[in-house]
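1. here's a sequence, model it:
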Amino acid sequence: MDTALLEMKAQTRKDAAKARRNAHEAVKNEAPLLLASHLFPVTPKASASIVSAFFPYQSEIDTRPLLGKLAGEGWTTCLPIVIALGQPLMFRRWMPGEPTVPGVWNIPRPTDAAGEVEPDVLMVPMLAFDRRGYRLGYGGGFYDRTLETLRKKKDIVAIGVAYAAQEMSSVPHGAHDQTLDFIMTEKGVIACG
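-> Prediction:
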C-alpha cells in the first residue's frame, strides 16, 4: 500500500475517532433504539438468514437492540470473533441476553459452546463512511479480509452501522478495501453506490 494513502488514512482515523466520540456523547442513549426502529434493508430467506452484528467497542453505536429485533423477525444472529491478526473473523451464534466471555481487546464475544456459523449479512463497525460505500475501519483489515473471503463463496450483504455524524464526503481507500451495500445510522438507511 502506498505511503501517502497510509498517512491519509492515519490522519483521517484521528479526525473520525473524535467525530464519533462527540456523536456518541450527544446521542448514545437514544441512538440504539432509533437504529432498531428503521426498516432493515434485507429480508431473511431460507438460504440466507444469518446476520452478524458487533458488540459495541469504545464509542461505537450499540447494535444489540437491532440484533434483538432481527432475532424476533426470524434471523439467526451472531457476533464476530477475532482469531488472529491477518486472519478473517469467525462467527458464533449469539442473541442479546446470552452469555459472553472477554475476547480480544476485552470485547465481549459468544462462548465457545455457541455454534459456529457463516453470516449472509454483516453489520460492520467503522470510524467513518461515505455514500459510495467506502468505510474507514481501525486499520487491522479484519472486515475487509472477512468480506473478501465470504464474497468468494456466496452473495454477502455488508451494512455499515454508525452514527450519522460519522459520514464524510469521501473516505480514503485502496484496492483491497471492501465496499458496503448499505449504511444504517440512527437517522435512517442509505443505499450505497
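2. contact partners for residue 110?
-> Neighbouring residues of residue 110 by CB atoms under 8 Å, 6 or more residues apart in numbering: 78, 79, 81, 92, 93, 94, 98, 99, 100, 101. (Glycine included, C-beta is placed from N, CA and C.)
3. with just CA atoms, put the helix or strand containing the second one into PDB.
-> Counting by DSSP states H and E, the secondary-structure element that holds residue 79 is strand 76-81. The C-alpha trace of strand 76-81 is given here as PDB (Å, rounded to 0.1, in the frame of the first residue of the first chain):
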ATOM      1  CA  THR A  76     -30.200 -16.300  13.100                       C
ATOM      2  CA  THR A  77     -28.000 -13.800  14.800                       C
ATOM      3  CA  CYS A  78     -24.300 -14.000  15.600                       C
ATOM      4  CA  LEU A  79     -21.200 -12.000  16.700                       C
ATOM      5  CA  PRO A  80     -17.700 -11.900  15.200                       C
ATOM      6  CA  ILE A  81     -14.600 -13.300  16.900                       C
END
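4. immediately after that strand, which helix or strand?
-> Following strand 76-81 toward the C-terminus (DSSP H and E): strand 90-93.
5. model confidence over that following strand, on average?
-> Averaging pLDDT along strand 90-93 gives 98.
6. past that strand, which element shows up next along the chain?
-> Next along from strand 90-93, by DSSP H and E: strand 100-102.
7. still on that earlier bit, need the contact partners of the strand holding residue 79.
-> Applying CB under 8 Å, 6+ apart, the external contacts of strand 76-81 come out as 49-55, 67, 70-71, 89-95, 100, 103, 108-110, 114, 117, 119, 142, 146.
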